[in-house]
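[1] Take this sequence and fold it.
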Amino acid sequence: MPEQAKKGDTVRVHYEGRLGDGQVFDSSAGGEPLEFELGSGQVIAGFDEGVEGMSIGDKKTVEIEAADAYGERNEALSRAVPRDSINLETEPEPGTSLVLQLPDGNEIPVAITEVTEDSITLDANHPLAGQKLIFDIELVSINQ
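    Model (predicted):
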């Protein structure tokens, strides 16, 4: 019986991630396989669970609901701020990513989602929050 991937194993996988509408958002095609330790929290829960039990050479498609991926969108994490309260080197545009420095030294990645004459809307939700994700996964190797 072929060896199956289990928690604690370091695995390498090739993958393609797409949204429900078929749009590809990430892929290892043309690059190195993704390496991670199963069960360690290095990848989203649904991806981790999808690889567990696979054998080398196995391919499968895993559908991951938002709760097991990047969570649901939290509208409290989206906020309009006065345009003059942010010092930007370039003209802000929707889709631009920024990193905000908090007073305690922590940093938060945010995306600009809307720009008006007076305000800029910043969203700290993960770009894939609220999305069901579909991954095609191929297990390349298992190291115990």
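[2] Hmm, residue 92 is touching residue 122, no?
    No: using C-beta atoms under 8 Å, residue 92 is not in contact with residue 122; the gap is 9.6 Å. C-beta: built from backbone N, CA, C; applies to glycine.
[3] can you map out the strands along this protein?
    10-19, 24-27, 34-37, 59-64, 78-82, 97-101, 107-115, 119-123, 133-143 (DSSP state E).
[4] Summarise which helices and strands the longest one is packed against.
    Yep, that's strand 133-143 we're talking about. If you count contacts as 3 or more C-beta pairs under 8 Å, 6 or more residues apart in numbering; DSSP states H and E, strand 133-143 packs onto strand 10-19, helix 45-51, strand 59-64.
[5] buried ones in stretch 44-54?
    Neighbour counts over stretch 44-54 (16 or more other C-beta atoms under 10 Å) mark 44, 46-48, 50-51, 54 as buried.
[6] mind checking which of the strands of the chain is nearest residue 3?
    For these, the distance to residue 3 is smallest for strand 133-143, at 5.9 Å, taking C-beta to C-beta.
[7] and that closest one with strand 10-19, angle?
    Interaxial angle, strand 133-143 versus strand 10-19 (axes from the mean of the first three to the mean of the last three C-alpha atoms, to 10 degrees): 170 degrees.
[8] How far off centre is strand 133-143?
    The chain centroid and the centroid of strand 133-143 are separated by 16 Å under C-alpha atoms, centre = their mean, to the nearest Å.
[9] Same check on stretch 11-28?
    10 Å.
[10] Just the CA atoms of it, as PDB, please.
    Extracted C-alpha coordinates of stretch 11-28, given in PDB (Å, rounded to 0.1, in the frame of the first residue of the first chain):
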ATOM      1  CA  VAL A  11       4.900  17.500   1.800                       C
ATOM      2  CA  ARG A  12       5.500  19.100  -1.600                       C
ATOM      3  CA  VAL A  13       2.600  19.800  -3.900                       C
ATOM      4  CA  HIS A  14       1.900  21.400  -7.200                       C
ATOM      5  CA  TYR A  15      -1.400  23.300  -7.200                       C
ATOM      6  CA  GLU A  16      -3.700  25.600  -9.000                       C
ATOM      7  CA  GLY A  17      -6.100  27.800  -7.000                       C
ATOM      8  CA  ARG A  18      -9.200  29.300  -8.600                       C
ATOM      9  CA  LEU A  19     -12.300  31.100  -7.600                       C
ATOM     10  CA  GLY A  20     -15.800  29.800  -8.200                       C
ATOM     11  CA  ASP A  21     -16.000  31.700 -11.500                       C
ATOM     12  CA  GLY A  22     -12.900  29.900 -12.800                       C
ATOM     13  CA  GLN A  23     -10.500  32.800 -12.300                       C
ATOM     14  CA  VAL A  24      -7.000  31.500 -11.400                       C
ATOM     15  CA  PHE A  25      -5.600  33.400  -8.400                       C
ATOM     16  CA  ASP A  26      -2.500  31.300  -7.700                       C
ATOM     17  CA  SER A  27      -0.500  28.400  -9.200                       C
ATOM     18  CA  SER A  28       2.800  26.600  -8.800                       C
END
